[in-house]
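**Q** Here is a sequence together with a model predicted from it:
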Amino acid sequence: MGSDDSYNFVFKVVLIGESGVGKSNLLTRFTKNEFNHDSRTTIGVEFSTRTVQLDNSTIKMQVWDTAGLERYRAITSAYYRGAVGALLVYDISKHLTYESAERWLKELYDHADPHIVVMLVGNKSDLRDMRTVPAEEAGAFAESKGLMFMETSALDSTNVEAAFIDVLTAIHRKVASREVTRGSISAVTLSAAASRVGAEAQEEPKRCCSSS
């Protein structure tokens, strides 16, 4: 394996959605293959990275997770800055978390690049007996908004890898095609943006993650 610096692209991907839908466990399942049964509500911002081989490119994926609680929304601008992908997560057993998807989508498009790749993710598919959001309904909503769609379970790993890799593949495809067009986002631009926002995030947990 090469060193952590041996990559062609850095892509920043954000996790958004209501508190308690499992964003943090999706993050740790994808980046560390871990699941924390006692995970607490995220306070402020956390991010982890994972390097992935895609076609002939080595891509460093920087995945950001933030609190879904209203009182932490002041971090919005810095959180979305430089993001080229987003997973909009809801809990398939809690319809209210799905109903808020449209609001989260509006916030995302208000702050992020209009070409951002977005996947609607119905998490906790292991709770199928408690389902309140039919996959067909969510899939139709995603299609109407031009989003990708997948159901996942951070608990048993179902589709977690596939969700992130599909988003990564779509980002890579967009970047490759846009590099030859006017106003394109180059790999260097993406890398610099991700590195810059990453550096900003280093201090964030120290400022906002102390217990109250």
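**A** Now that the structure is in, tell me what you want to look at. Residues are numbered from 1 along each chain as shown.

**Q** For burial, what's the neighbour tally of Met119?
**A** 21 (other Cβ atoms under 10 Å). Glycine gets a C-beta too; all of them are placed from N, C-alpha and C.

**Q** Could you tell me whether it really is in a helix?
**A** No - Met119 is assigned strand when assessed by DSSP: H, G, I helix; E, B strand; the rest coil, not a helix.

**Q** Need the pLDDT of it.
**A** The model reports Met119 with a pLDDT of 98.

**Q** Test my guess that it contacts Ala86.
**A** Yes - in this structure, Met119 is within contact of Ala86 by Cβ atoms under 8 Å, at 7.4 Å.

**Q** quick one, helices of the protein?
**A** For the chain, the helices defined by DSSP state H cover 23-32, 76-80, 95-99, 101-111, 135-145, 160-178, 187-208.

**Q** Using TSV, lay out these together with mean neighbour count.
**A** TSV is the format used below for the helices of the chain (neighbours: other Cβ atoms under 10 Å):
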stretch	mean neighbour count
helix 23-32	22
helix 76-80	18
helix 95-99	17
helix 101-111	15
helix 135-145	14
helix 160-178	18
helix 187-208	15
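
**Q** just checking, Ala22 touches Asp91?
**A** Actually, residue 22 is Gly. It isn't Ala. Yes - judged on Cβ under 8 Å, Gly22 makes contact with Asp91 at a distance of 6.7 Å.

**Q** what stretches of this protein score poorly on pLDDT?
**A** The chain contains residues with pLDDT under 70 at 1-5, 39-45, 67-75, 178-212.

**Q** Kindly recompute the last result at 90.
**A** Residues of the chain meeting the criterion pLDDT under 90: 1-8, 19, 34-48, 54-57, 65-81, 113-115, 174-212.

**Q** quick one, what contacts Leu26?
**A** Shown in contact with Leu26 (Cβ atoms under 8 Å, 6 or more residues apart in numbering): Leu15, Leu87, Val89, Val121, Asn123, Thr152, Ala154, Val160, Ala163.

**Q** Counting neighbours, which of the residues you listed comes out on top?
**A** Going by other Cβ under 10 Å, Val121 tops the contacts of Leu26 with 34 neighbours.

**Q** If that residue is in a bridge, with which residues?
**A** Val121 forms beta bridges with Val89, Met150, as assigned by DSSP bridges.

**Q** Does it touch Met150 like I think?
**A** Yes - counting by Cβ under 8 Å, Met150 is a contact partner of Val121 at 5.9 Å.

**Q** between the two, what contacts are shared?
**A** Residues touching both Val121 and Met150 (Cβ under 8 Å, 6+ apart) are Ala163.

**Q** what sits in contact with each of Gly22 and Asp91?
**A** Contact criterion Cβ under 8 Å, 6+ apart; residues bridging Gly22 and Asp91 by contacting each: Asn123, Lys124.

**Q** Would you mind measuring the gap between the ends of stretch 88-98?
**A** Stretch 88-98 has its terminal residues 10 Å apart, counting by Cα to Cα, to the nearest Å.

**Q** quick revisit: arrange the contacts of Leu26 in TSV, one row each, with distance to Asp110 as further columns.
**A** Output for these, formatted as TSV (distance: Cβ to Cβ, whole Å):
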residue	distance to Asp110
Leu15	17
Leu87	18
Val89	19
Val121	20
Asn123	24
Thr152	26
Ala154	28
Val160	28
Ala163	24
